[in-house]
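Trainee: My questions are about this predicted structure, shown below with the sequence.
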Amino acid sequence: MLSLHRSLDGDLSAGEALPAVYQALEDHDIRFHRSTVAMTAGRPGGGKSIFALDHAIKARVPTLYISCDMSRFQLAARAAAALTGDSIAHVKEALSSDGREKYRAALKGADHLFLALEKRPDMAALEDVLNAFHERWGIPPYLVVVDNLINLYSDAGDEWAGLREMSHVMDYFAHELGACVHVLHHINLSDSLDRPGGMNAVKGKVVELPSLILSVAKTDEEFRFAAVKNREGREDPMAQSYGRLRLDPQTLTLSDLTPQWPYGPAPNAPTGNWSLAA
């Protein structure tokens, strides 16, 4: 037990915000913080993985991406497209022929990001990969992406109890590691597939523990988001309005919508210079 003023004597970096990536999120008072769980929730195919991977690449902090959904090939193709600007279709064709080395070199540009492909991990399996990261690099990850919550294994009696149990596991890892655990999750389907749903649409109602819940949706060329829960800023629980990012359908990357003259270009998002290169 600490007196309140002694709480300032410890390492405060565990609660710091990760580097800003998109000005649109900043404008909506949305930031990802270490030692917290952030949830991105949307319908199947609603852009959750697009956002999580693009954010992880551009945040440039030590990151572990735990994929329970996409294959190694899909992740590599998407990341290579994001780093080079080549279309995913072109990257996939090259990876299947003689262009692999070009994209291998490009992927080394994201040497802060490491993948763990775990189809149905339980708490012990997640702990193993997190410990392996810490042992290899001497530090825990600052950002852990879990794609996605419904694919995690729990021995709870039913699906809903399992979702609640694993949401507690995510919260435990966030506090133990001092990491931002960015977990992807589903919302219940509605008629409005092109706009974010309210907090009450989150599948299993596992909304108590995350500090930030982004409800997301997409069109062919636009990614839409609303902070339906936000302990560190403004929130809109019913997602009555939403922010927007440009979605490049060829590379599945996101960027700020560029303001038109006379307002000038959008501010550049900081990228950082952290690297795991030996």
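Mentor: Yep, that arrived. Numbering: from 1, shown residues only.
Trainee: can you pull out the strands in this protein?
Mentor: Shown for the chain, the strands assigned by DSSP state E span residues 37-42, 63-67, 113-117, 143-147, 180-186, 212-218, 222-230, 243-248, 253-255.
Trainee: in stretch 160-177, what counts as buried?
Mentor: 162-167, 169-171, 173-174, 177 (16 or more other C-beta atoms under 10 Å). From N, CA and C alone the C-beta is placed, and that goes for glycine too.
Trainee: of those residues, closest to Asn151?
Mentor: Met166 (9.7 Å; C-beta to C-beta).
Trainee: In this structure the closest one contacts Ser154, no?
Mentor: Yes: with contact defined as C-beta atoms under 8 Å, Met166 and Ser154 form a contacting pair (5.4 Å).
Trainee: Make JSON lines out of the strands of the chain and add mean pLDDT and mean neighbour count.
Mentor: Converted to JSON lines, those look like this (pLDDT from 0 to 100; neighbours: other C-beta atoms under 10 Å):
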{"stretch": "strand 37-42", "mean pLDDT": "98", "mean neighbour count": "27"}
{"stretch": "strand 63-67", "mean pLDDT": "97", "mean neighbour count": "24"}
{"stretch": "strand 113-117", "mean pLDDT": "94", "mean neighbour count": "19"}
{"stretch": "strand 143-147", "mean pLDDT": "97", "mean neighbour count": "26"}
{"stretch": "strand 180-186", "mean pLDDT": "97", "mean neighbour count": "26"}
{"stretch": "strand 212-218", "mean pLDDT": "97", "mean neighbour count": "26"}
{"stretch": "strand 222-230", "mean pLDDT": "98", "mean neighbour count": "23"}
{"stretch": "strand 243-248", "mean pLDDT": "97", "mean neighbour count": "19"}
{"stretch": "strand 253-255", "mean pLDDT": "97", "mean neighbour count": "22"}
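Trainee: Quick one: those as a markdown table, columns for distance to Phe133 too.
Mentor: Listed next are these as a markdown table, based on distance: least, C-beta to C-beta, whole Å:
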| stretch | distance to Phe133 |
| --- | --- |
| strand 37-42 | 18 |
| strand 63-67 | 5 |
| strand 113-117 | 7 |
| strand 143-147 | 9 |
| strand 180-186 | 13 |
| strand 212-218 | 23 |
| strand 222-230 | 28 |
| strand 243-248 | 29 |
| strand 253-255 | 25 |
